[in-house]
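A.B. asks: How does the following fold in three dimensions:
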Amino acid sequence: MSEILLGAEPQSWPGGRTGVLVVHGFTGSPGSMRVVADAIAEAGHTVELPLLPGHGTSVAEMDATAW
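C.D. replies: Presented below is the predicted three-dimensional model:
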């Protein structure tokens, strides 16, 4: 796996009993959804913001990712 680009790291926020999964779009990374995830976490929810396979690293790695 290639090195994850700065700002593309997955992130978790511990919080209340309600969990929210926030997922970035195709060719995106967690950085594009961090503002949304922060707001949900500030409202007291547990939030997971994963990095999808082939994203947030390199074009070559995305090309090599099979679905």
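A.B. asks: which helices and strands sit right next to the longest helix belonging to the chain?
C.D. replies: The longest helix of the chain (DSSP state H) is helix 34-42. Contacts defined by 3 or more CB pairs under 8 Å, 6 or more residues apart in numbering; DSSP states H and E place helix 34-42 against strand 11-13, strand 46-49. All C-beta atoms are positioned from the backbone trio N, CA, C, and that covers glycine.
A.B. asks: Check the offset of the shortest one from the chain's centre.
C.D. replies: Read that as strand 11-13. Its chain's C-alpha centre and that of strand 11-13 lie 9 Å apart, by CA atoms, centre = their mean, to the nearest Å.
A.B. asks: With stretch 32-44 instead?
C.D. replies: That offset, for stretch 32-44, works out to 11 Å (CA atoms, centre = their mean).
A.B. asks: model confidence over that stretch, on average?
C.D. replies: Mean per-residue pLDDT for stretch 32-44: 98.
A.B. asks: now do stretch 54-67
C.D. replies: 88.
A.B. asks: start to end distance for it?
C.D. replies: End-to-end span of stretch 54-67 (CA to CA, to the nearest Å): 10 Å.
A.B. asks: mind putting the helices and strands packed on helix 34-42 in JSON lines, mean neighbour count included?
C.D. replies: Converted to JSON lines, the helices and strands packed on helix 34-42 look like this (neighbours: other CB atoms under 10 Å):
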{"stretch": "strand 11-13", "mean neighbour count": "16"}
{"stretch": "strand 46-49", "mean neighbour count": "20"}
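A.B. asks: Just send these back as CSV, with distance to Asp38 too.
C.D. replies: What follows is the helices and strands packed on helix 34-42, written out as CSV (distance: least, CB to CB, whole Å):
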stretch, distance to Asp38
strand 11-13, 8
strand 46-49, 8
